[in-house]
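Student: predicted model and sequence follow; I will ask about them next.
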Amino acid sequence: MPVKKKRKTRAKTAKKGKIPAAKATAKKAKMAKKPAAKRIPKKAAAKKSPAKKTAKQGKRKPAKTSVKKAANKRATKTATEKTAWKISPEISQSVVDIDIWKKGDLKIEHLTVYRTGWIVVDQLPDLSGYNPDEGVSIFEEFEFKEHQVLDGSEETSSFPKELLSEECERLMALSEEELVDEGWTIESATRFSGPLVVEEV
């Protein structure tokens, strides 16, 4: 009986010695794998985080300056576009359209008086030498893109003495195209007279 007990104890101790060795090797393998797996994400995260921060910081600053520059450009453009001046006579019926028809030595003048009118110019004109009594021919003195005359109130025509009254009546009844077909040429002018009003628009 004692011999059997000794064998059992030896077998148990042998088994006990094997189990810790296997567990130790398994633990070592796990320990070897775990740190490697943990270190890679930490290093990757450490590398990525500063790159993201610098990228965001780098994008924000230029965006602010570009928005400011764009806003400044828009502001200067709108300010330039709105800089224009409207010129009109202060007194009513101070706008006259003059049509001068010529054929050889003959000349016919046709005048139309308007209640009011205006022009719009891009640059403020120098009116220091303007004479209200003489007025000004707007087509000769100003550079403008817009003009308008309103409410024609009076029309007068003057004919040369060489033409008979019947011929004057016949010519008055003709259209501009018909006068051109008969050899007449036209020169037109629009004059403002009296005090002028200049206002920014």
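Tutor: Structure received.

Student: and the strands in the chain?
Tutor: 85-89, 95-103, 106-121, 136-137, 144-158, 185-192, 196-200 (DSSP state E).

Student: now mean pLDDT, distance to Glu167 and mean neighbour count too, for those strands, in a markdown table please.
Tutor: Heads up, the C-betas are built off the backbone N, CA and C, glycines and all. As requested, those are arranged in a markdown table below (pLDDT from 0 to 100; distance: least, C-beta to C-beta, whole Å; neighbours: other C-beta atoms under 10 Å):
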| stretch | mean pLDDT | distance to Glu167 | mean neighbour count |
| --- | --- | --- | --- |
| strand 85-89 | 95 | 36 | 19 |
| strand 95-103 | 96 | 12 | 17 |
| strand 106-121 | 95 | 10 | 17 |
| strand 136-137 | 95 | 30 | 18 |
| strand 144-158 | 90 | 13 | 13 |
| strand 185-192 | 95 | 18 | 15 |
| strand 196-200 | 93 | 40 | 12 |
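
Student: out of those, nearest to Met172?
Tutor: strand 144-158 (6.6 Å; C-beta to C-beta).

Student: angle of the closest one against strand 106-121?
Tutor: Strand 144-158 runs at 150 degrees relative to strand 106-121, counting by axes from the mean of the first three to the mean of the last three C-alpha atoms, to 10 degrees.

Student: in TSV, list the strands of the chain along with distance to Ser175.
Tutor: TSV is the format used below for the strands of the chain (distance: least, C-beta to C-beta, whole Å):
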stretch	distance to Ser175
strand 85-89	30
strand 95-103	12
strand 106-121	13
strand 136-137	25
strand 144-158	15
strand 185-192	12
strand 196-200	34
